[in-house]
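# Using only what follows, build the 3D model:
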Amino acid sequence: MSLEHARALARSARGRAKVVAVTVDPDDELADRIVEALRPDLLQLHGAESLERTRDIALRTGTPVIKALSIASPADLDAAAAYEGVADHLMFEPRPPVDADRPGGHGRALPFELLSERRFLRPWFLAGGLDPWNVRHAMSVSGAPLADVSSGVERGPGLKDPALIRAFLHAVRPA
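Predicted coordinates for the structure are as follows:
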C-alpha cells in the first residue's frame, strides 16, 4: 500500500492499537521513509533479512523490530535464537511453499508442537494458518503468548471480515 494510505490508517489506529509497519527486505531509503511517514510502534521485517541486516535496521531507525522467521524444523528454531539479540519480538510462521512468490505462511499452519518445549528471551508470536477455530488450540499446544493473524480473518483475499476478527479476538482472550 502507499505510504499515504498507511499514514491515514496509522493515524486512525494510534492510541487505540499498536501501529506495526510490515515490510519485506527494505533498503535503507525505504526503511527511513516508512518510519518517517508512519512513526510506527514496531517495524515488522517479513523478508529474508539476515541477523546483521535486522540489527542495522533496528539501529538505523530506532524503532523496535519484530522479525518474522520461517520454521519447518527444530533446527530452524535453533537458528532463530540468534535473532533474540537484535529483534524486540520474534514471529514464527511456516516456511513458504517452494514455488511461493512472496514470504509468509500462505494460510498454512505451523506444526505447533515444534514450539511446545521452547523458551525464548524475547516476546514471540505464533503465525500462519490461524483462524478463530484453531487459534486457542494452537496457542495451548505451542505455549505461544501472542498470535498474529491475516488470511484467517478474511472473507476473501485481502478482505478482512469484522465478524471473523471479533471471533478471533474472543478465541484468544482466554488462551
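
# show me the contacts for Ala167.
Ala167 is in contact with Pro132, Val153, counting by C-beta atoms under 8 Å, 6 or more residues apart in numbering. Where C-beta positions appear, they are placed from N, C-alpha and C, glycine not excepted.

# and Asp25, how many neighbours?
Other residues within reach of Asp25, judged by other C-beta atoms under 10 Å, total 12.

# right, and Thr61 touches Arg33 too?
No - taking contacts as C-beta atoms under 8 Å, Thr61 lies outside contact range of Arg33: 10.5 Å.

# Who has more neighbours out of those two?
Thr61 (19 against 13).

# what about that one, distance to Ala81?
23 Å (C-beta to C-beta, to the nearest Å).

# just Arg53 next, same as before
As judged by C-beta to C-beta, Arg53 and Ala81 stand 17 Å apart.

# For the helix or strand of the chain with the lowest mean pLDDT, name the packing helices and strands.
In the chain, no helix or strand scores lower on mean pLDDT, DSSP states H and E than helix 74-80, which sits at a mean of 87. Secondary-structure packing of helix 74-80 (3 or more C-beta pairs under 8 Å, 6 or more residues apart in numbering; DSSP states H and E): strand 65-71, strand 89-94.

# all helices for this structure, in order.
Chain-ordered helices for the chain, with DSSP state H as the definition, fall at 3-13, 28-38, 51-61, 74-80, 135-142, 162-172.

# buried residues in the last one?
Of the residues in helix 162-172, those buried under the neighbour-count criterion (16 or more other C-beta atoms under 10 Å) are Leu164, Ala167, Phe168, Ala171, Val172.

# distance between that helix and the chain's centre?
Relative to its parent chain, helix 162-172 has a centroid offset of 18 Å by C-alpha atoms, centre = their mean, to the nearest Å.

# Could I get the CA-only coordinates of it as PDB?
Taking Å, rounded to 0.1, in the frame of the first residue of the first chain, the C-alpha atoms of helix 162-172 are listed here in PDB:
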ATOM      1  CA  PRO A 162     -15.100  -7.700  11.100                       C
ATOM      2  CA  ALA A 163     -17.100 -10.700  12.400                       C
ATOM      3  CA  LEU A 164     -14.100 -13.000  11.900                       C
ATOM      4  CA  ILE A 165     -11.800 -10.500  13.600                       C
ATOM      5  CA  ARG A 166     -14.200 -10.400  16.600                       C
ATOM      6  CA  ALA A 167     -14.400 -14.200  16.800                       C
ATOM      7  CA  PHE A 168     -10.600 -14.400  16.600                       C
ATOM      8  CA  LEU A 169     -10.200 -11.900  19.500                       C
ATOM      9  CA  HIS A 170     -12.800 -13.800  21.500                       C
ATOM     10  CA  ALA A 171     -10.900 -17.000  20.900                       C
ATOM     11  CA  VAL A 172      -7.500 -15.700  22.000                       C
END
